[in-house]
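>>> how would this look folded up:
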Amino acid sequence: MLDVLHQKVVAGNLDGVNLLRLDLEKDALPHLCFHLIVTNMTLHHVQEIGSVLRSFHTLLHPGGRVAIADLDTEPGIFHGPDPQSAGVRHFGFDRDYLMNRLALAGFVEPRAVTAHVIRRPVEDRGDTDFPVFLITARRPGLSE
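Numbers count the residues shown, from 1 in each chain. Reported below is the predicted structural model:
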């Protein structure tokens, strides 16, 4: 996926966009700081959510923002009959739960909206809608 994103960055002439391959569950944090961290449809593949959110907080400049897009809680059917083979650790998230976890990690001003709805066929259910939320939050700045 990083290769695809890299192609989009090049095609869009997006200066100042840096891509970083980093497994926050295994790798040491780099000595870098970012103004924005974006994760799209990946958090449900992460076992330890709190640890990853704390890492996001550490990696952001004061005043930096995190944007998390992922599935609302679903019954485990989004990835098909064997979600574990797809590395699924959570069947989506309750938005309030995730915003509370962000607050515990030190973030402020969490906000959630429905960003998209994925419609896909599901065996024995027909076309099924899967809402995708966007939750944003901010690392407090130095003057706060």
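
>>> now the helices for the protein?
For the chain, helices defined by DSSP state H occupy the ranges 2-11, 49-59, 95-104.

>>> elements contacting the last one?
Here helix 95-104 touches helix 49-59, strand 60-71, strand 108-122, strand 126-138, going by 3 or more CB pairs under 8 Å, 6 or more residues apart in numbering; DSSP states H and E. Every residue, glycine included, has its C-beta placed from N, CA and C.

>>> any stretches of the chain with poor pLDDT?
For the chain, the stretches with pLDDT under 70 are 143-144.

>>> rerun at 50
Under the criterion pLDDT under 50, no range of the chain is flagged.

>>> for it, identify the residue most remote from the centre.
In the chain, Asp124 marks the outermost C-alpha relative to the chain mean, sitting 29.4 Å out by CA atoms, centre = their mean.

>>> give me the phi and psi for it.
Backbone torsions of Asp124, given as degrees, to the nearest 10, read phi 70, psi 0.

>>> what's the spacing between it and Pro81?
Using CB to CB, to the nearest Å, we find Asp124 at a distance of 10 Å from Pro81.

>>> likewise for His35?
In terms of CB to CB, His35 sits 41 Å off from Pro81.

>>> which one of the helices and strands packed on helix 95-104 lies closest to Met1?
In terms of CB to CB, the element of the helices and strands packed on helix 95-104 nearest to Met1 is strand 60-71, at 13.6 Å.

>>> wait, what's in contact with the residue nearest to His79 when sequence neighbours are not counted?
Of all residues not flanking His79 in the chain, Ala86 sits nearest, at 4.3 Å (CB to CB, 6 or more residues apart in numbering). Residues near Ala86 by CB atoms under 8 Å, 6 or more residues apart in numbering: 45, 79-80.
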